[in-house]
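*Asks:* Show me the folded form of this:
(one chain, ligands or ions: 2)
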Amino acid sequence: MQVFQLKIVNFPFNNLLDMKTHATYSTEEINPLGSIEEWEDDVLERYPEPGQPAKKKEEFRNYDNPQRDTVREFYRLNHKYQTYDFVQEKKNEFLQFNRKEMPVWNAMEFLNTLVDDSDPDIDLDQLQHLLQTAEAIRADGHPDWFVLTGFIHDMGKVLCLFGEPQWAVVGDTFPVGCRFSDKVVYSEFFELNPDNSDERYNTKYGVYEHGCGLDKVHMSWGHDEYLYHITKDYLPEPALYMIRYHSFYAEHREQAYDHLMNDNDRKMFDWVRKFNPYDLYSKSPKPPVVSELKHYYEDLIAKYLPATIKL
Ligand SMILES: [Fe+2]
Ligand SMILES: [Fe+2]
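*Replies:* Residues are numbered from 1 along each chain as shown. Ligands and ions are numbered 1, 2, ... in the order given. Next up is the predicted model:
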C-alpha cells in the first residue's frame, strides 16, 4: 500500500507547541487522503462543469480506483466522528484564536507550506488555487470584496497545519444536531455516527426549529466555519455566507436543508451559488504569477481586513 504524507516545508513559524497531537486517532485516521486536494477533485467529479459529460454513478463509485478508496475512507471517518459534541469541542478549542497572530498575506504563505508529497507536479498549490479563484472573479467584473473572498476562502485550511485530521478541515459540510440528510455524499456512513441513534439529534429538526436560520445551526467543523469566525466582523454579509457555506453542497446544490433556512439565508445562498463555480472551475492552464499579483491583493486585504489576524 502506498503511504502518503503531508509535509511541511519552509515553515518559518514552526512552533512544535502549536502542533496538537491526537492520541485518539491513528495516523491513518488523521490523514486518510494523499492530499486534501483529493476531496476537491472528487467534488469536481460529482459536480462537473456544465457542458462537461457527467460520470455515470457506477463509474463514479469505482471502488477499484485507489483515489476513490481514500476519498471513501475520508468520508467514513468524517461521517463517523463529526458529531454535535465534536463540533462544540472544536469550537471551544479553535475559536479562542490563541495559536498565532500574523498579517493575512503571511497567513496565506503559512497555508502554502501545506504541500502534497504524493503528487508535487500536478496539483496547484493552495495559493495558486486561491489566486485563480480570485482572478476569475475579478475578470468577471465583480465587486472587490467578492474578489477578496475568492482569495481568502480556503485560508481556514491552516487547521491542517495545527495537526487537525483532514476530515475536520475539508469535506462537504452538513448540519449536526438534527437528522443527517441522505443527500450528503456517502450518507450511508452516518450509521457509524453516534448522533444517528441519539433521539436528541436524529429527528428532522433535532435541536433546531423550522426556519430557525442557519446562524443558529451548527455545521460540521472545518475550514469554512473557522474562517467565518476569523472574518465575521470585517466583510459584507454575502462574503461571509460564501466563506461559511461554500462546502455545504447538500444545500447549495441539493437543497436538502431548506427546512432550517430563513428568508435571508435563501437570499444569501444566491451568492454562495454564484461563488461555487469560481471555486470549482477556475483552473486556468497558466498558473498565476504571485509576484505580479501580490501588490493588488495586499491593497485589497488592507482595505477590508485588520493589519494582523489571529488564528
Ligand atoms: Fe474550501
Ligand atoms: Fe477552494
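*Asks:* What is the burial count for the closest residue in space to Pro277 that isn't next to it in sequence?
*Replies:* Distances taken as CB to CB, 6 or more residues apart in numbering place Glu49 nearest to Pro277, at 7.6 Å, with adjacent residues excluded. Using the backbone N, CA and C atoms, a C-beta is placed for each residue, glycine as well. Residues within reach of Glu49, counting by other CB atoms under 10 Å, total 11.
*Asks:* where does Glu49 land in three-state SS?
*Replies:* Under DSSP: H, G, I helix; E, B strand; the rest coil, Glu49 falls in the coil class.
*Asks:* residue contacts, it?
*Replies:* Glu49 sits next to Pro277, Leu280, Tyr281 when contact means CB atoms under 8 Å, 6 or more residues apart in numbering.
*Asks:* The last one: what's it in contact with?
*Replies:* Applying CB under 8 Å, 6+ apart, we find Tyr281 in contact with Leu44, Glu49.
*Asks:* quick one: it and Met155, what's the gap?
*Replies:* Counting by CB to CB, to the nearest Å, the gap from Tyr281 to Met155 is 20 Å.
*Asks:* next one: the first one
*Replies:* Using CB to CB, Pro277 is found at 20 Å from Met155.
*Asks:* who's more crowded, those two?
*Replies:* Remark: of Pro277 and Met155, Met155 carries more neighbours, 23 against 15, as counted by other CB under 10 Å.
*Asks:* The nearest residue to that one once chain neighbours are set aside sits in which helix or strand?
*Replies:* Excluding the flanking residues, the one nearest Met155 by CB to CB, 6+ apart is Leu227, at 5.5 Å. Following DSSP states H and E, one finds Leu227 within helix 223-231.
*Asks:* Show me what the mean pLDDT comes to for that helix.
*Replies:* What helix 223-231 shows for mean pLDDT is 98.
*Asks:* Please name the nearest non-neighbouring residue to Glu254.
*Replies:* Excluding the flanking residues, the one nearest Glu254 by CB to CB, 6+ apart is Lys183, at 4.2 Å.
*Asks:* Enumerate the residues of the stretch 151-300 of the chain near ligand 2.
*Replies:* Selection of the stretch 151-300 of the chain residues close to ligand 2 by CB under 5 Å from the ion yields Asp154, Asp279.
*Asks:* can you rerun that using 6 Å?
*Replies:* His153, Asp154, Asp279 (CB under 6 Å from the ion).
*Asks:* Could you provide these in TSV, with additional columns for secondary structure?
*Replies:* Shown next, in TSV, are these (three-state DSSP):
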residue	secondary structure
His153	coil
Asp154	coil
Asp279	helix
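*Asks:* Closest to Thr70 out of those residues?
*Replies:* Asp154 (20.0 Å; CB to CB).
*Asks:* for the record, mean pLDDT for the helix or strand hosting Val272?
*Replies:* Using DSSP H and E, the element containing Val272 is helix 263-281. Across helix 263-281, pLDDT averages out at 97.
*Asks:* hang on, isn't Leu214 packed against Asp258?
*Replies:* No: contact criterion CB atoms under 8 Å: Leu214 and Asp258 do not qualify, at 10.8 Å.
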